[in-house]
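Asker: A structural model of the following input is requested.
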Amino acid sequence: MTRITSGPNATPQGDAEGVQTRAYHPAASLESVRVGKMALRQGASGASVGALQSLLGEAGFEVPVDDRFGPHTRGQLLAFQRLHGITADGVAGPVTLAALERSVAAARDAAQQASTRTVQGGSTGGTRAALTPPRPETAGIRRAPASFAPAAGRASAPFADSAAQRERQAETLLRSNDAWPPTEGRHYVIQIDQDSPPATAPGAARRDWLRSYSGQTVVFKAVDGRLVEQETGGPLRSAAHPGQASATAGTFRSVDGDNTPDIAHLRSGLYDYHGRLSNSGRFNPVSHEAMRVARDIDHDGVIEGEREDDPTFYGTYIQIHAGRDSRPNSVGCQTLPQADFDRLTAALRGARKEGFTYLLVRRPNATYGSNPF
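Answerer: Purely as a prediction, here's the structure:
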């Protein structure tokens, strides 16, 4: 086979993946990539490229498995790298491969746990909506892989690059959370945030996570039985966690009796919000009692789930509002930088009267993997 010459303009040309068969060169093995001896890049072909494409697919990115590393595969790999905080060079080296394998392993673990749940029943006593057959007019449309939403409240990857892909991902998420079909004309705000680092992570890493917008939010509207993304300029930066590990006295209660207030973190799930902004410029939940939370009882910046069965364990005024440009300004609400919050508000202009549904799901932490609660 003819190898591709090096240089900034040396891009393979040709078929649907952008490379003619004769232009490919044999790919390095995955083992050599894992140990840092080699890397997989555009122009490579072989079983290890197919394995990389399969991993990307399980992570929620639409990549045909054809053993050829062309522009489309590179584009999806770039998207994975950007959204996981990895140097975006479109090359699968040891760091990228490890992150991919962690993401897929977490998704498989969550799927295994979900498989133990009863298919029949659920909160309404009927068949889970995820098993509802597709409507005739949508049959045959390619959807996001089921492993993208391996269990209720979970996602295995960030939102995709294109609106069409995100719409398919949103449907998969709603199905996984027993919320399909959507209510015609209703707005759905879907947020994918990352798990917190574990308690074993360095303190600096936990603080940095608290101070970051680690999630993405996208607004959709149900139109003719499908979800249509509303114009916001793409996924919005957001955070579904407080911006610090402790709160001043009187802000929160101490659920463990140590007289130190315990900050609340909203649990993954579906929540209804009023569509009109409050006088202070925030979106308020319809029912405070419905806002199920976990508390950071030991104040280490890690989301934990102690006493989750306590029926009084809910949070009041878990609002959606603007935070600082560089970090969340919140002790429990859902926050976005001001510019992103303004775009969210504009996209929800049609929901003023009816309100909107907010779905929060979490995915594995980009650095430390899965840490669900």
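
Asker: Could I get the full set of strands for this structure?
Answerer: According to DSSP state E, the chain carries its strands in the segments 25-26, 44-45, 120-121, 126-127, 187-194, 215-223, 226-229, 236-238, 264-266, 269-273, 293-295, 320-323, 334-337, 356-363.

Asker: Helices of the stretch 201-350 of the chain, start to end?
Answerer: Assigned by DSSP state H, counting those that start in this stretch, the helices in the stretch 201-350 of the chain fall at 203-210, 338-347.

Asker: looking at those helices, which one has the lowest mean pLDDT?
Answerer: Between the helices of the stretch 201-350 of the chain, the lowest average pLDDT goes to helix 203-210, which shows a mean of 90.

Asker: how far away is Ala339 from Tyr213?
Answerer: 12 Å (C-beta to C-beta, to the nearest Å). Heads up, the C-betas are built off the backbone N, CA and C, glycines and all.

Asker: Pick out whichever of those two has more residues nearby.
Answerer: Between Ala339 and Tyr213, counting by other C-beta atoms under 10 Å, Tyr213 is the more crowded of the two (23 against 13).

Asker: surely that one meets Asp325?
Answerer: No - the pair Tyr213 / Asp325 is not scored as a contact, 9.5 Å apart, by C-beta atoms under 8 Å.

Asker: what's the neighbour count on Ala47?
Answerer: 11.

Asker: Correction: the previous question concerned Thr172.
Answerer: 21.

Asker: Quick check, pLDDT for it.
Answerer: Looking at Thr172, the pLDDT reads 93.

Asker: what do you get for Ile190?
Answerer: Looking at Ile190, its pLDDT is 98.

Asker: How about it: what's its closest non-neighbour residue?
Answerer: Once flanking residues are discounted, Ile190 sits nearest to Leu359: 4.7 Å by C-beta to C-beta, 6 or more residues apart in numbering.

Asker: burial count for the one you found?
Answerer: Applying other C-beta under 10 Å, I find that Leu359 has 21 neighbouring residues.

Asker: again with Ala164
Answerer: Neighbours around Ala164, by other C-beta under 10 Å: 13.

Asker: thinking again about what came up before, can you add distance to Glu231 and give the helices of the stretch 201-350 of the chain back as JSON lines?
Answerer: Below are the helices of the stretch 201-350 of the chain laid out as JSON lines (distance: least, C-beta to C-beta, whole Å):
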{"stretch": "helix 203-210", "distance to Glu231": "30"}
{"stretch": "helix 338-347", "distance to Glu231": "7"}
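
Asker: what about the ones you listed, which gets the closest to Val35?
Answerer: helix 203-210 (25.0 Å; C-beta to C-beta).

Asker: close enough to count as contact, Leu173 and Ser156?
Answerer: No - counting by C-beta under 8 Å, Leu173 does not reach Ser156; the two are 10.9 Å apart.

Asker: which residues touch the residue nearest to Ile190?
Answerer: Residues in contact with Leu359 (C-beta atoms under 8 Å, 6 or more residues apart in numbering) are 173-174, 177, 179, 188-191, 269-271.

Asker: So, low pLDDT: which residues of the stretch 51-200 of the chain?
Answerer: For the stretch 51-200 of the chain, the stretches flagged by pLDDT under 70 are 110-146.

Asker: Which stretches in it count as helices?
Answerer: Taking DSSP H, counting those that start in this stretch, the helices of the stretch 51-200 of the chain run over residues 71-83, 94-114, 163-176.

Asker: could these be laid out in CSV, adding distance to Arg41?
Answerer: CSV is the format used below for those (distance: least, C-beta to C-beta, whole Å):
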stretch, distance to Arg41
helix 71-83, 8
helix 94-114, 11
helix 163-176, 23
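
Asker: For Gln244, which of the ones you listed is the nearest?
Answerer: Gln244 lies closest, by C-beta to C-beta, to one member of the helices of the stretch 51-200 of the chain: helix 71-83, at 24.9 Å.

Asker: What helices and strands are in contact with that closest one?
Answerer: helix 47-58, helix 94-114 (3 or more C-beta pairs under 8 Å, 6 or more residues apart in numbering; DSSP states H and E).

Asker: Using CSV, write out every CA atom in it.
Answerer: Written as CSV, here are the backbone C-alpha positions of helix 71-83 (Å, rounded to 0.1, in the frame of the first residue of the first chain):
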residue,chain,number,x,y,z
PRO,A,71,-11.9,12.1,8.0
HIS,A,72,-15.3,11.1,9.5
THR,A,73,-13.6,8.8,12.1
ARG,A,74,-11.1,11.6,12.8
GLY,A,75,-13.9,14.1,13.2
GLN,A,76,-15.8,11.9,15.7
LEU,A,77,-12.5,11.3,17.6
LEU,A,78,-11.9,15.0,17.8
ALA,A,79,-15.4,15.5,19.2
PHE,A,80,-14.7,12.9,21.9
GLN,A,81,-11.4,14.5,22.8
ARG,A,82,-12.8,18.0,23.0
LEU,A,83,-15.7,17.0,25.1
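
Asker: related to what we said a few turns ago, from the helices and strands packed on helix 71-83, which stretch is densest packed?
Answerer: Among the helices and strands packed on helix 71-83, ranked by average contacts under mean count of other C-beta atoms under 10 Å, first place goes to helix 47-58 (a mean of 20).

Asker: For it, what is the distance to the chain centroid?
Answerer: Its chain's C-alpha centre and that of helix 47-58 lie 20 Å apart, by C-alpha atoms, centre = their mean, to the nearest Å.

Asker: Can you pull up the most central residue in the protein?
Answerer: Centre of the chain computed as the mean C-alpha position; nearest residue by C-alpha atoms, centre = their mean is Ile192, 3.3 Å away.
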